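Engineer: Let me see the structure of the following:
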Amino acid sequence: MTLRALIRHDWPTNMRGLEQAITRALVTCDRGVIDAADLPFAADDQTLSPARPADPLCAQLTALLRTHHGNVTAVAREMGKARMQIQRWIRRFGLVPDEFRG
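Structural biologist: All right, here's what the predicted structure looks like:
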């Protein structure tokens, strides 16, 4: 859960923000193990939970993954985006392409 929260967070200051968040979490954590609650942005529900279906990009991505049976390359081609961008969105929204296959 903690790693998922770190991956899904927007990180507006990139590596510096990540480093500061981990440093703060290490100071406040128990037993030397960082829990999601130790992260400075833990109160932000959107970071710790999957994206809301009301997000139009999430809805479009979900529909295209369903149409293309989880084929990320086909989704990227249809959206006119790079495959890596689609993978970033998939991670951000907590989607799993394998769930759309077969």
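
Engineer: make it CA atoms for all contacts and neighbour counts henceforth
Structural biologist: OK.

Engineer: chain center to the host helix or strand of residue 5: distance?
Structural biologist: Element membership for residue 5 (DSSP states H and E) is helix 2-8. Mean-position distance between helix 2-8 and its chain equals 7 Å (C-alpha atoms, centre = their mean, to the nearest Å).

Engineer: Just the buried positions in it, please.
Structural biologist: By 16 or more other C-alpha atoms under 10 Å, the buried positions in helix 2-8 come out as 4-8.

Engineer: Which elements pack onto it?
Structural biologist: Counting by 3 or more C-alpha pairs under 8 Å, 6 or more residues apart in numbering; DSSP states H and E, the packing neighbours recorded for helix 2-8 are helix 45-48, helix 83-93.

Engineer: With distance to residue 58, mean pLDDT and mean neighbour count added, can I get those helices in TSV?
Structural biologist: Formatted as TSV, those follow (distance: least, C-alpha to C-alpha, whole Å; pLDDT from 0 to 100; neighbours: other C-alpha atoms under 10 Å):
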stretch	distance to residue 58	mean pLDDT	mean neighbour count
helix 45-48	13	42	16
helix 83-93	7	89	16
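
Engineer: Can I get the ones you listed in CSV including distance to residue 37?
Structural biologist: Shown next, in CSV, are the helices and strands packed on helix 2-8 (distance: least, C-alpha to C-alpha, whole Å):
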stretch, distance to residue 37
helix 45-48, 10
helix 83-93, 19
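
Engineer: of the ones you listed, which approaches residue 75 most closely?
Structural biologist: helix 83-93 (7.6 Å; C-alpha to C-alpha).

Engineer: Touching, residue 93 and residue 59? I think so.
Structural biologist: No: with contacts counted by C-alpha atoms under 8 Å, residue 93 stays clear of residue 59, the gap being 9.9 Å.
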